[in-house]
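Undergrad: How does the following fold in three dimensions:
(chains A and B)
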Amino acid sequence: MGRGARRVAVWFCLAVVAELSNHATVSAADGTPQNVAEAVTIATELAKATGTTGQAALAAQADRISGIPADWIVPCLAAFSDATPAGGNWLRSGIERAVERAGDSLSADALMAVVADRKQPARVRTLVFGWLKDRDPSRAAGLLDGMLDDPALDLRREAVERKLAAVAAADEATQKAAHRECLAVARDVDQIERVAAWLSEHGEKVNVAEVLGFVRNWRVSEEFDNAKGVGFAKAYPPEAALPARPETEQWKPVASADKHGAIDLNAAIATKKGVLAYAVADVVMPRSGPAEVRIGSPCAVAVWVNGKPAMAHEIYHASEAIDQYVVTAEFREGTNTVMVKCCQNEQTEPWAADWKFQLRVCDPLGSPLATQPAHEKGPE
Amino acid sequence: MIMMTRRLLMVVSVMLWCVAAVAADWPEFLGPRGRGAATDQAIRTHWSEAEGIAWKVDLPGRGASSPIVVGDLVVATASSGASQDQLHILAFDKATGRTVWHRRFWATGRTLAHPTSAVAAGTPASDGKRIVALYSSCDLFCVDLAGRLLWQRNLAVEHPRSGNDVGMGSSPRIVDGTAVVQIDCQGDAFALGVDAATGEDRWIVPREKRASWSSPLPLTTPDYGACVLLQNPRGLNLHRVSDGKMVWSWKGECSGIPMTAESGSMLHVPADGIASVSPKEADAKPAWRSTKLSCGIASPLAWGDSVACINRAGVLCIGDTANGQLRGQIRLAGSFWASPILAGNVILAANKEGKTFLISTEGEPKIIAENELPGTFTATPAVADGNVYLRSESMLWKVAAP
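TA: Numbering: from 1, shown residues only, chains lettered A, B, ... in the order given. From the prediction side, this is the model:
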């Protein structure tokens, strides 16, 4: 065989391999489920994905889901209910490709039914709402009218925006009523602040800290040593006494007048570095059971509820935000004791000066649950 | 046979096209190998909303990440939702700006970020076959060029105390088939090298529990081959890409945000000014240190025998890489979060307020154009085929080649 012929043979073989590979790809794409039950089974398996190995098989399964017909998409959504963090994204990657392929053949009615069903997981309804908005914006917008109290907070947020936009040109009384209604249902802090500011500008002063339900009345200990961060892991007397309630009679009562309920320990104790302090508050819960403790602080913090450790974050001056750290803790009906340990380090930068925290107790949607007993009431 | 031959010709054509495309890619943060330079490309001098714009597209969410250019695609990332937990990877047709695909994922880690940053702060990286995107939530996704999810790593699930509420800003790299991420924070801090094809661990090394926003810098050394340089405020560590082994380190004050630039086998380290360090001798004394060359947020730019940086006052300074001597400086305007890059012999410096300065590097630095677009710009520009890609908080612009 001459060189030329050999070259042709090599090219021919390459072409055959390419052709076979192509068929293998087609075959994989053709591996779409045979029926809706098989599709749901694959979706359920994908949604359980964990671990870091064998992801090529998951990608292949997502490919199979991406090929399902439009009317199988909604039945597969149920698999999101028990999805792992990774599984949710694997399933989403397959399903959304199926949604893209389906185009207008995906029934808006079926999507509306999913969005309207509050028993479906919030993130699934929000996802489907997005698909609906892409296809039929006016029907999607119409759904928002009944979503002011929706458990899917992204949908509730849009419903609040729509409500406010709808009254933007109305008379002041109508606008005030709409803003009051929105203030009661909004759960996103920026939205609450915007609505509160509008009401305040129109003669109805709103205490944002009260709306957000911050615990504003505390008793604050003396300072303890936290040089080189040694105090965070050290149990000083208030902590060592747990689970007994610390003796707080000698502690300094501190009430927050901050709009975000912050307790400023620089002001309450002294502007110091390398120190820590404890703060204790009694809160009244309407019922026993789990509730979310939500704390924000630029400092290292630990929290106890009724003497039991709830959370600890040894992070210094890496931003602060309302509800920065959230943990679920058990509360009893009536009075409960919350103790916070707030640690300042020795950083000298101007932005590391803050020594403070803010805390509230909420349900999973961010609705405040805790009130404070009469003897703890501070300034309004 | 005719069909097969045709198909084969198509395959060969596509392959040739791919080779041509790779040559003009801007595949990662600060371009090829993170050097910030496209010295072979001439760009348009003047542009505005009304002039020189090939296309612009709205983005579905916020981001401080730079666009990258891979073959026929311009890829951008974003995050959206009230809690910024919707993560987006978008691919646009380079020629038209049409959306080719759009993938969305849920964040599995923390999504708090300072308003000046974003959950989509790290620039994606591509090896020409796949794209990896790392978010502040410590989610790492890998998709192919068709937008198909190949693998994911939910690093905050694997390492629950990883992350930073200021917002993580490090960009991933793909070096020799290994995707490298740097997770520097006060909690679970580590560097990870994963097989870019499978997403499986190749190596993981613990890092000091200290926040930084620096990105791995690919370096190839005669002794150790392909490596990545990792920087935090306490110094530099050079790790071999094949197994993660630390092969060199340097202890010294470093900035937490701007990353080191390399030229002529020297590392120009943003610190209190710039220190020029040789990556050969452990903890070597810097060859020079200059406080006149000072970096703010933006990373320094090194090319040829020059190094440039923009200080917090918005002054661009250019120095000599041999001795650190200041060659020239010029006051720009505004604040600079985006790093300066080089196109041809012109430095592009995009300020946060939307003005991109073009500065001549011939002789004394001189502003040759100030081009303004609306929006807030913290992402470093990308350059490919003489086109400039600028990403504002909510929009992606393509400035047409001259």
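
Undergrad: contacts, neighbours, all on C-alpha from now
TA: Will do.

Undergrad: who touches A:Phe129 in this structure?
TA: Residues counted as contacts of A:Phe129 (CA atoms under 8 Å, 6 or more residues apart in numbering or on different chains) are A:Leu111, A:Met112, A:Val115, A:Ala140.

Undergrad: which ones among the residues you listed are found in helices?
TA: A:Leu111, A:Met112, A:Val115, A:Ala140 (DSSP state H).

Undergrad: Top of the contacts of A:Phe129 by number of neighbours, please.
TA: A:Val115 (26 neighbours; other CA atoms under 10 Å in any protein chain shown).

Undergrad: Now it. Nearest residue, chain neighbours left out?
TA: Sequence neighbours aside, A:Arg125 is the residue nearest to A:Val115 in space, at 4.7 Å (criterion: CA to CA, 6 or more residues apart in numbering or on different chains).

Undergrad: How far does the helix or strand hosting that neighbour sit from its chain's centre?
TA: Using DSSP states H and E, A:Arg125 sits within helix A:122-135. With CA atoms, centre = their mean, to the nearest Å as the basis, helix A:122-135 stands 18 Å off its chain's centre.

Undergrad: got it, and stretch B:131-147?
TA: With CA atoms, centre = their mean, you get 14 Å for stretch B:131-147.

Undergrad: again with stretch B:394-402
TA: Worked out by CA atoms, centre = their mean, stretch B:394-402 lies 18 Å from the chain centre.

Undergrad: Check stretch B:353-371 too.
TA: Using CA atoms, centre = their mean, the offset of stretch B:353-371 from its chain centre is 21 Å.

Undergrad: Need the residues that contact it.
TA: Contacts for stretch B:353-371 (CA under 8 Å, 6+ apart): B:45-48, B:318, B:327-330, B:332, B:334-335, B:345-351, B:372-377, B:392.

Undergrad: And it, what's buried?
TA: Buried residues in stretch B:353-371, counted by 16 or more other CA atoms under 10 Å in any protein chain shown: B:353-361, B:365-367, B:369-371.

Undergrad: Report the two of these separated the most.
TA: The span of the buried residues of stretch B:353-371, defined through CA to CA, is set by B:Glu353 and B:Thr361 at 23.2 Å.

Undergrad: Let's verify the residue in the stretch 251-380 of chain A that chain B sits nearest to: helix, strand, or coil?
TA: Here the stretch 251-380 of chain A gets closest to chain B at one residue, A:Ser319, 5.0 Å apart by CA to the nearest CA. Here A:Ser319 is recorded as coil under DSSP: H, G, I helix; E, B strand; the rest coil.

Undergrad: Kindly provide the distance from it to B:Glu393.
TA: Here the distance between A:Ser319 and B:Glu393 works out to 21 Å (CA to CA, to the nearest Å).

Undergrad: Phi, psi for the residue in the stretch 301-402 of chain B that chain A sits nearest to please.
TA: Distance from chain A to each residue of the stretch 301-402 of chain B (CA to the nearest CA) is smallest for B:Arg312, at 16.2 Å. B:Arg312 adopts backbone torsions of phi -70, psi -20, taken as degrees, to the nearest 10.

Undergrad: Would you mind listing the residues in contact with it?
TA: B:Cys295, B:Gly296, B:Ile297, B:Ser335, B:Phe336.

Undergrad: if we go to 7 Å?
TA: B:Cys295, B:Gly296 (CA atoms under 7 Å, 6 or more residues apart in numbering or on different chains).
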